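Trainee: Whatever this is, show me its structure:
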Amino acid sequence: MKEEVINYLRLDDRFPHILCPGCGIGTIANQLVRALIDLKLAKEKVCIVSGIGCSSRVPGYLDCDTFHTLHGRAIPCAIGVKMARPEMKVIVIGGDGDILAIGLSHFIHAARRNIDLTVIIVNNFNYGMTGGQVSPTTPRGFLTLTTPYRNPEREFELAELSKAAGCVFFARTTTYHVRHLREMIKRGIEKKGFAVIEVISQCPTFFGRVNRIGDGVEMLKYFKEKSVDVKSLSGKEFPRDKIVIGVLYETESEEFLSAYKETLGR
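Mentor: Residues are numbered from 1 along each chain as shown. Just a heads-up that it's a prediction; the model follows:
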């Protein structure tokens, strides 16, 4: 497995990486690569697309077809790739700010169309690359650079937003649950249609520090203590003070390219 992972990396010109010590994005990139290997996907059949942000640097480290786009525009660019090369597995990776703030309209309409993309949203609760500002997923009552008196806003409930917009698969996991993370990525890639994987990830440089949670290790412990598996909540209301992990929503619906071809009579 080690040699296969190395084969997926651009070691000669992209390393060492620029991620902060303790950042969870390296774990996500690691498990994404391992998921691709487990699924036996050839590098030539995979395209990974990103916008702007810490997690959006991941495609630059991977030796497959990659596309680094404008802030918030990863999803429409990924749609273009999928329309031109429908046989490819197209994966979007980006942060909560990139995808759910400036890129939110693209996210909603791609879900509505149910185009066959896998979208990995790295949720570290703030804009990590630009100084730790408040984001759409910053929990109410927490500190950021731009909410020094604590965040007064409610955060997005991403599972409900994704479901209402029309996605066919939504899963949540954390960087603590490494094997679970890989399994959720694999299931998202295998799902035909618009699949979303929210990964709760640590940002010790900003979010962990200002909220006195601690370094990367302490943040992982925090995720462990706060997480509950959705399978243990059968028939129960989701607790607001917990991170509910697992497949939170899955359904079947006609994928966009099939509907598009049918409309054209092909």
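Trainee: Show me where the stretch 101-250 of the chain has its strands.
Mentor: For the stretch 101-250 of the chain, the strands defined by DSSP state E, counting those that start in this stretch cover 118-123, 126-127, 133-134, 169-174, 195-200, 227-229, 243-250.
Trainee: how about the longest one: buried residues?
Mentor: Spelled out, it's strand 243-250. Across strand 243-250, burial judged by 16 or more other C-beta atoms under 10 Å covers Ile243, Val244, Ile245, Gly246, Val247, Leu248, Tyr249. Backbone N, C-alpha and C define where each C-beta goes, glycine included.
Trainee: so what strands line up beside that strand?
Mentor: Strand pairing for strand 243-250, using DSSP bridges, gives strand 169-174 (antiparallel), strand 227-229 (parallel).
Trainee: which of these is buried the deepest?
Mentor: strand 169-174 (a mean of 25; mean count of other C-beta atoms under 10 Å).
Trainee: Okay, angle between it and strand 195-200 too, please.
Mentor: 20 degrees (axes from the mean of the first three to the mean of the last three C-alpha atoms, to 10 degrees).
Trainee: who's in contact with strand 169-174?
Mentor: 158-159, 162-163, 180-181, 184, 187-188, 191, 193-201, 223, 227, 243-251 (C-beta atoms under 8 Å, 6 or more residues apart in numbering).
Trainee: picking that back up, now tabulate the strands of the stretch 101-250 of the chain in JSON lines and tack on mean pLDDT.
Mentor: As requested, the strands of the stretch 101-250 of the chain are arranged in JSON lines below (pLDDT from 0 to 100):
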{"stretch": "strand 118-123", "mean pLDDT": "98"}
{"stretch": "strand 126-127", "mean pLDDT": "96"}
{"stretch": "strand 133-134", "mean pLDDT": "96"}
{"stretch": "strand 169-174", "mean pLDDT": "98"}
{"stretch": "strand 195-200", "mean pLDDT": "98"}
{"stretch": "strand 227-229", "mean pLDDT": "95"}
{"stretch": "strand 243-250", "mean pLDDT": "96"}
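Trainee: Quickly note the distance from Ser201 to Ile108.
Mentor: Counting by C-beta to C-beta, to the nearest Å, the gap from Ser201 to Ile108 is 23 Å.
Trainee: what's the closest non-adjacent residue to Val168?
Mentor: Nearest residue to Val168, sequence neighbours excluded (C-beta to C-beta, 6 or more residues apart in numbering): Gly193, at 3.8 Å.
Trainee: residues contacting the one you found?
Mentor: Contacts of Gly193 (C-beta under 8 Å, 6+ apart): Asn114, Ile115, Asp116, Cys167, Val168, Phe169, Glu252, Ser253, Glu255.
Trainee: can you list the strands of the stretch 101-250 of the chain in JSON lines and add distance to Gly72?
Mentor: Converted to JSON lines, the strands of the stretch 101-250 of the chain look like this (distance: least, C-beta to C-beta, whole Å):
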{"stretch": "strand 118-123", "distance to Gly72": "13"}
{"stretch": "strand 126-127", "distance to Gly72": "12"}
{"stretch": "strand 133-134", "distance to Gly72": "15"}
{"stretch": "strand 169-174", "distance to Gly72": "20"}
{"stretch": "strand 195-200", "distance to Gly72": "16"}
{"stretch": "strand 227-229", "distance to Gly72": "29"}
{"stretch": "strand 243-250", "distance to Gly72": "24"}
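Trainee: Many thanks, we can stop here.
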